[in-house]
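1. How does the following fold in three dimensions:
(2 chains)
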Number of protein chains: 2
Amino acid sequence: MRFLHTADWHIGRKLAGYDLLADQQAIFDQLVNVAKAQQVDAIVVAGDLYDRALPNEAAVTLVNQMLLTLNREIGLPTLVISGNHDSAVRLGTGRDWFKSTDLFMNTQLDQAFAPVILGNTQFFLLPYFEPFAARSYFDDDQLTNINLAMQPVIDKMVAAFDPTMKHVLVGHFFAAGSEHSDSETLVNVGGLDAVAVSDLAPFDYVALGHLHNRHALNAEKIQYAGSLLKFSVSEANQEKGVYIVDTDTMTREFVALPPTHDVVHLTASFAELTDPAYYQNLKRDAYIAVTLTDRQVIPNVMSQLREIYPQIVSLDRKNGVEVVQPLETVNADLDPMTLLSDFFEQSTGAGLTDQQCKWAQSTLTQAKEVD
Amino acid sequence: MRFLHTADWHIGRKLAGYDLLADQQAIFDQLVNVAKAQQVDAIVVAGDLYDRALPNEAAVTLVNQMLLTLNREIGLPTLVISGNHDSAVRLGTGRDWFKSTDLFMNTQLDQAFAPVILGNTQFFLLPYFEPFAARSYFDDDQLTNINLAMQPVIDKMVAAFDPTMKHVLVGHFFAAGSEHSDSETLVNVGGLDAVAVSDLAPFDYVALGHLHNRHALNAEKIQYAGSLLKFSVSEANQEKGVYIVDTDTMTREFVALPPTHDVVHLTASFAELTDPAYYQNLKRDAYIAVTLTDRQVIPNVMSQLREIYPQIVSLDRKNGVEVVQPLETVNADLDPMTLLSDFFEQSTGAGLTDQQCKWAQSTLTQAKEVD
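-> Now for the predicted structure:
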């Protein structure tokens, strides 16, 4: 059988104050098209459907609609676990009814040991859990970290293996280390808070969520889906999408999903950025991080750039700002308040607030009195 | 057929700071026993399952468990609408799956016009809605209040009536007026924010939620279920419970549900209240409102009473407090601060906080300096 592996939707997340809900809806529509075109037999969502435990109503509406679309409208078995950003209780609402249409939603550790069987495959749906949940479930005080806690979890799953079937683990945790469990490596990349990849060897495939970079782990049978959207400028060069996994051949294929508004990092001079020859072929409605190569002060730099690039998410300088005019040659026509607010805007990319203006005025007045 | 009519669970509500969750669980267990003993064919919950739109996880856990118990464990068709305290979006999560086991959950106006048919009866499940929802749904700007908005709602339901069946409306609104629609009466009891009971005449029974006193409306075919618990001292004398409605005979029977901890209003002197002969037959773990008949100052009155009645929700005086000692005969052994804090405690039923003590000390010091 073939399934689509996705994770880390983080519905309700914002990027530098911009609401991503419409982008999240649009990328999900693409995911649905891929599921149809690839004729998959099931959908796997490996946690963090929501960005927060207490999502707002718009986010709840969208996630409800997404699950409805996958499971009821295109009618696919849908296998979901909660991630660390989800509230297990809230996401689990309706769980006992969802099974009626093969929507399997696990949000508690004790639900993870009865596999969901689809085609030739046993799926073990392991929600995000804290070590204390394992201590309680296994009545074992020794399970003080996630690496230790995962041992009895996997043992119990292996005990439920049907040897005639394939075995897929769906999880939401930090997996690390080489395939051969080099403990030094493990310590280096996260220590006891990480699950050693060698412990995951019993499974034919491990469909993970948690890390937003799908290349975060390079392992033959273990794959992070990555997030559906870029959630920070540091992800600007990551390609986002979903995996299509074939459990007959145990191979996987990545399908990229281009976003409505990309996250782009532009490093250029102000003159370049404002030159139509430079920007006419750019998607200027992207979420854009700007790194200016100029060193000189540029008045109203942010508002000038926003006229061309309406969704700037950050502005910094590659080489710092040069004070081009020594103090003794300051333009005497400009009053101290104007100089200060220009400097502030060029340094921070934002204008002074009313309150900041008042503080500055009052301080300048005091300084003048001391003069 | 016979159904159990309940409403206004308000799960998550507190009473004077006391968490009612355990009491709510216990009264619900009684409701389940009544449903079993009465062999009803369905459960009707007429809104306000939650006390707030954003309930905490403990409240979500309990409501989820309550619906699971009614619909899956005792296996009854369960008909639910959202009330004004519920979030329609959050309560509606899972709705499309609930129908698989005859859990019908309506949280939006447009869902109200397709009746649920059980036995000989059409049930119209009308969630709480604002007039703007009706203006939008009917594309009619004239529907500026709930009384006007209800007209097309009822007309549309009547158009769906099967004349061979009984017709039950489940609603969550303020109904008022006499059976003969005396408009003066209507204006007196709430005006345009109320639905005239005469407009509800097409239905064989109207199962309402919203008002917590089941006697709030006295009408032949319209009934408030009332809340399951007393949520304020003003409800101390109300009997709480559920209705069992028979749609063959269109008769209803009230079944009282005694709470684990009653809300009781005691009016007595301090001497009586602290006399074992008085309290030995009282359920002292009730939520108790105390009205003292004494007029004299009683030191540490609240802490003394709480030793006998651990859950006091309010304390007041029937006849005020008498200053028994004229100022000139004040016990000179007591310093002003002690006098003040005694007086404060006797007046308010609570001691001074640390901050209040500081304010008092500082003011008394200033007063002394003026002397």
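
2. what about residue A:63, which helix or strand?
-> Assigned by DSSP states H and E, residue A:63 belongs to helix A:57-68.

3. Is the residue in the stretch 151-300 of chain A that chain B sits nearest to bridged to anything, and to what?
-> Per C-beta to the nearest C-beta, residue A:172 is where the stretch 151-300 of chain A lies closest to chain B, at 18.9 Å. Glycine gets a C-beta too; all of them are placed from N, C-alpha and C. Taking DSSP bridges, one obtains residue A:209 as the residues bridged to residue A:172.

4. pretty sure it is touching residue A:207, no?
-> No: at 9.9 Å, residue A:172 does not count as touching residue A:207 under the criterion of C-beta atoms under 8 Å.

5. what do those two both touch?
-> Residues touching both residue A:172 and residue A:207 (C-beta atoms under 8 Å, 6 or more residues apart in numbering or on different chains) are A:7, A:46.

6. Comparing the two, which residue is more hemmed in?
-> residue A:207 (29 against 25; other C-beta atoms under 10 Å in any protein chain shown).

7. so who does the more buried one touch?
-> A:5, A:7, A:44, A:46, A:168-171, A:223, A:225, A:243, A:245.

8. For residue A:369, state which of those residues is nearest.
-> residue A:7 (60.9 Å; C-beta to C-beta).

9. contacting residues around the closest one?
-> Per C-beta under 8 Å, 6+ apart, neighbours of residue A:7: A:45-48, A:83, A:172, A:207-210, A:224-227.

10. so what pLDDT did residue A:326 get?
-> You'll see residue A:326 listed with a pLDDT of 53.

11. repeat for the one 3 residues further on
-> In this model, residue A:329 is scored at 53, pLDDT.

12. Next: residue A:354.
-> Residue-level confidence at residue A:354 comes out at 87, pLDDT.

13. Give me the phi and psi for residue A:93.
-> phi -60, psi 130 (degrees, to the nearest 10).

14. how much space between the residue nearest to it when sequence neighbours are not counted and residue B:35?
-> Closest residue to residue A:93 apart from its sequence neighbours, by C-beta to C-beta, 6 or more residues apart in numbering or on different chains: residue B:93 at 5.1 Å. For residue B:93, the distance to residue B:35 (C-beta to C-beta, to the nearest Å) stands at 24 Å.

15. any idea which element residue A:266 lies in?
-> strand A:263-268.

16. Compute the number of surrounding residues for the closest residue to chain B within chain A.
-> Closest approach between chain A and chain B, counting by C-beta to the nearest C-beta: residue A:94, at 2.4 Å. When neighbours are defined as other C-beta under 10 Å, residue A:94 has 23 of them.

17. picking up where we left off before, nearest to residue B:129, of the contacts of residue A:7?
-> residue A:45 (32.8 Å).

18. ok, what's across the strand from that closest one?
-> The partner residues for residue A:45, given DSSP bridges, come to residue A:6, residue A:80.

19. who in the stretch 101-250 of chain A is up against chain B?
-> Neighbours of chain B within the stretch 101-250 of chain A, by C-beta under 8 Å from any C-beta of the partner chain: A:101, A:103.

20. Low-confidence ranges, the stretch 101-250 of chain A, go.
-> Applying pLDDT under 70 to the stretch 101-250 of chain A flags the ranges A:178-192.

21. please redo it, this time with the cut-off set to 50
-> The stretch 101-250 of chain A contains residues with pLDDT under 50 at A:179-190.

22. Show me the helices in it, by range?
-> Taking DSSP state H, counting those that start in this stretch to define them, one finds helices in the stretch 101-250 of chain A at A:131-138, A:146-159, A:183-189.

23. Now the buried members of the contacts of residue A:7.
-> Among the contacts of residue A:7, those classed as buried by 16 or more other C-beta atoms under 10 Å in any protein chain shown are A:45-48, A:83, A:172, A:207-210, A:224-227.

24. Pull the contacting residues for residue A:36.
-> residue A:74.

25. Walk me through the domains of chain A.
-> Domain assignment for chain A by automatic domain parsing gives A:2-256, A:263-370.

26. highest average neighbour count across those?
-> domain A:2-256 (a mean of 19; mean count of other C-beta atoms under 10 Å in any protein chain shown).

27. I'd like the distance from that domain to the chain centre, please.
-> Once both centres are worked out by C-alpha atoms, centre = their mean, to the nearest Å, domain A:2-256 turns out to sit 13 Å from its chain's centre.

28. Assign residue A:4 to one of the three secondary structure states.
-> Using DSSP: H, G, I helix; E, B strand; the rest coil, the structure places residue A:4 in strand.

29. what sits against residue A:273?
-> A:266, A:279, A:290, A:292, A:305, A:308-309.

30. go with 7 Å
-> A:266, A:279, A:290, A:305 (C-beta atoms under 7 Å, 6 or more residues apart in numbering or on different chains).

31. Which two among the contacts of residue A:7 are spaced furthest apart?
-> A:207 and A:227 (14.5 Å).

32. returning to what we had before: identify the farthest-apart pair in the contacts of residue A:273.
-> A:279 and A:290 (11.5 Å).

33. hmm, back to that, what strands line up against the strand holding residue A:266, and which way round?
-> Strand A:263-268 is paired, per DSSP bridges, with strand A:287-292 (parallel).

34. C-alpha coordinates for the strand it pairs with, CSV please?
-> What follows is strand A:287-292, C-alpha atoms only, in CSV (Å, rounded to 0.1, in the frame of the first residue of the first chain):
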residue,chain,number,x,y,z
TYR,A,287,7.7,37.1,3.0
ILE,A,288,11.0,38.8,2.5
ALA,A,289,14.0,39.1,4.8
VAL,A,290,16.3,41.9,3.6
THR,A,291,20.0,42.2,4.4
LEU,A,292,21.3,45.5,3.1
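
35. how far is it from where the chain is centred?
-> 20 Å.

36. Just give me how far the next helix or strand after it sits from the chain centre.
-> Later in the chain than strand A:287-292, the nearest helix or strand by DSSP H and E is helix A:301-308. Remark: helix A:301-308 is offset 28 Å from the chain centroid, using C-alpha atoms, centre = their mean.

37. can you list the residues that contact helix A:301-308?
-> A:270, A:273-274, A:279, A:284, A:290, A:312, A:315, A:345-346, A:349-350.

38. can I get these in a markdown table with pLDDT and distance to residue B:73?
-> Shown next, in a markdown table, are the contacts of helix A:301-308 (pLDDT from 0 to 100; distance: C-beta to C-beta, whole Å):
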| residue | pLDDT | distance to residue B:73 |
| --- | --- | --- |
| A:270 | 95 | 68 |
| A:273 | 96 | 64 |
| A:274 | 96 | 68 |
| A:279 | 95 | 63 |
| A:284 | 94 | 58 |
| A:290 | 96 | 59 |
| A:312 | 95 | 55 |
| A:315 | 94 | 59 |
| A:345 | 79 | 64 |
| A:346 | 73 | 66 |
| A:349 | 70 | 58 |
| A:350 | 77 | 57 |
